[in-house]
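Participant: quick one, structure for this:
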Amino acid sequence: MSDIRVKVKRGENAKQIPLPQYATSGSSGVDLRSAEAALIEPGTWAVLGTGLHLEIPEGYEAQVRSRSGLALNRGVMVLNSPGTIDSDYRGEVRVILMNLGKAPFRVEPGDRIAQMVFCPVARAELEEVDTLSSTEREQGGFGSTGSK
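Facilitator: Residues are numbered from 1 along each chain as shown. Model (predicted):
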């Protein structure tokens, strides 16, 4: 496992909120906390700021993902999961939370709302061709391999 250094700048609305950290030595993601309050009604979504601005090293990205406890217990998830934060983005990290639960979901500043995982990025060189190699699956798409 290799560590990377990510610079973090806090906005004024996040000065009192702890920086993201790993909960355990085996955690792959850090918890993101909201820097603002919101009430998300069932069937709706909201964009919540974290007050954080990142400088991610080139060749890496950050992925914003749902927290399993919020998804299981409240039906709340990151709508565009995983959300991507590119290495050249310097704006505020914001999270789109969707409430698929049956009750309104209240968020207060400092609440853990998502997790963020840092990942290496491979850049592809796309080559246009007239034919592709054959495979056993060929064009079988959604559900083509069965459910059992």
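Participant: which other residues reach the longest strand along the chain?
Facilitator: Across the chain, the strand with the greatest residue count (assigned by DSSP state E) is strand 45-55. Strand 45-55 is contacted from outside by 6-15, 17, 19-20, 32-36, 38, 40, 62, 79, 85, 89-99, 107, 113, using C-beta atoms under 8 Å, 6 or more residues apart in numbering. C-betas here are computed from N, CA, C, even on glycine.
Participant: write a PyMOL command that selects only the buried members of the residues you listed.
Facilitator: In PyMOL, this line selects whichever of these come out buried by 16 or more other C-beta atoms under 10 Å:
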select buried, resi 6+14+17+20+32+33+34+35+36+38+40+62+79+85+92+93+94+95+96+97+98+99+107+113
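Participant: beta partners for the most centrally placed residue in the chain?
Facilitator: In the chain, the C-alpha nearest the mean C-alpha coordinate belongs to V64, at 0.9 Å (C-alpha atoms, centre = their mean). V64 has these beta-bridge partners by DSSP bridges: G83, M116.
Participant: is it correct that it is in contact with V93?
Facilitator: Yes - judged on C-beta atoms under 8 Å, V64 makes contact with V93 at a distance of 7.3 Å.
Participant: which residues do these two both contact?
Facilitator: Contacts common to V64 and V93, judged by C-beta under 8 Å, 6+ apart, are 32, 85, 116.
Participant: now the second one: how far from C119?
Facilitator: Counting by C-beta to C-beta, to the nearest Å, the gap from I85 to C119 is 10 Å.
Participant: and what of the first one?
Facilitator: For L32, the distance to C119 equals 15 Å [C-beta to C-beta].
Participant: then L52?
Facilitator: 18 Å.
Participant: helices along the protein, start to end?
Facilitator: Under the criterion DSSP state H, the chain carries helices at the ranges 68-74.
Participant: now for the nearest residue to P57 once chain neighbours are set aside: which residues touch it?
Facilitator: Using C-beta to C-beta, 6 or more residues apart in numbering and skipping the chain neighbours, the partner closest in space to P57 is I4 (5.4 Å). By C-beta under 8 Å, 6+ apart, the contact set of I4 is 56-57, 60, 118.
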